[in-house]
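Asker: next comes the sequence, and after it the predicted model I'd like to discuss.
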Amino acid sequence: MNMDHPDKVFAFDSLFTTNHIQMLKILSCYLSPPLQGKLIVYIRFLELQYTLRLFTRNPYASMPFGQGNMRTELLQELLPFCDPREKRKVQDFQNLFQNMEQMQNMLQMLDLLKDISPELFHGTEGGQAPFPDLAGMFTGIDPQELSQMMDMIQEFYK
């Protein structure tokens with residue numbers, strides 16, 4: 001496993017375990033294989049039990065990291081843990097998000113141009129507008145529809 005981002009992996013592991021569970025993990029390295037297997041299952045059970053207790057007592061517990069640009073940061077951090085096939089899919093999503101961001105920037109530029117020179121979009125009294133209302137085509141996109149589109153893309157890559 002590539003550990004380019006061990007801070008988040010270790011933070012996750014340390015948040016959902018106790019010192020005693022960590023001591024059991026160390027102990028497991030010194031046991032025979034049959035006993036190791038049994039102890040490892042027991043350790044996982046203890047971690048699950050501790051996690052359930054943690055979220056029952058504090059339903060709003062979360063990882064101690066900021067949001068940032070979650071889409072691109074998340075995809076970038078997932079790459080080192082992906083196999084080659086998964087990497088291609090993640091990179092495809094990165095490209096998709098970059099293209100969407102570029103489209104959004106272009107639409108903002110068009111809106112700015114529209115404010116500066118409205119006759120380019122609406123024409124003059126007798127003339128035709130050289131640019132259609134491109135920005136209007138994409139305004140009001142429902143986030144639910146976007147989510148469904150992303151689901152369809154994801155199904156395509158399965």
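Answerer: Noted; the coordinates are in hand.

Asker: out of the helices and strands in this structure, which is least certain?
Answerer: helix 134-138 (a mean of 52; mean pLDDT, DSSP states H and E).

Asker: next, count neighbours for residue 93.
Answerer: If you count neighbours by other CB atoms under 10 Å, residue 93 ends up with 19. C-beta here means a position set from N, CA and C on the backbone, and glycine is covered the same way.

Asker: break this protein into its domains for me.
Answerer: As given by automatic domain parsing, the domain ranges for the chain are 6-57, 70-156.

Asker: compare the mean pLDDT across the ones you listed and name the weakest.
Answerer: Looking over these, mean pLDDT reaches its minimum on domain 70-156, with a mean of 73.

Asker: all the helices of this structure, residue numbers only.
Answerer: Along the chain, counting by DSSP state H, helices occupy 6-15, 19-28, 33-57, 70-78, 84-116, 119-122, 134-138, 143-156.

Asker: what angle separates the first one from helix 33-57?
Answerer: In this structure, helix 6-15 runs at an angle of 80 degrees to helix 33-57, with axes from the mean of the first three to the mean of the last three CA atoms, to 10 degrees as the basis.

Asker: could you dump helix 6-15 to CSV, C-alpha only?
Answerer: The C-alpha coordinates for helix 6-15 follow below in CSV (Å, rounded to 0.1, in the frame of the first residue of the first chain):
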residue,chain,number,x,y,z
PRO,A,6,-0.6,8.6,6.0
ASP,A,7,-1.7,11.5,8.2
LYS,A,8,-5.4,11.0,7.3
VAL,A,9,-5.2,7.2,7.5
PHE,A,10,-3.5,7.3,10.9
ALA,A,11,-5.8,10.0,12.1
PHE,A,12,-8.8,7.8,11.2
ASP,A,13,-7.2,4.7,12.8
SER,A,14,-6.4,6.6,16.0
LEU,A,15,-9.8,8.2,16.3
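
Asker: buried set for it?
Answerer: Within helix 6-15, not a single residue qualifies as buried, counting by 16 or more other CB atoms under 10 Å.

Asker: by how many degrees do that helix and helix 19-28 diverge?
Answerer: Using the same axes, to 10 degrees: helix 6-15 against helix 19-28 is 110 degrees.

Asker: residues in contact with residue 153?
Answerer: For residue 153, the contact set (CB atoms under 8 Å, 6 or more residues apart in numbering) comprises residue 96.
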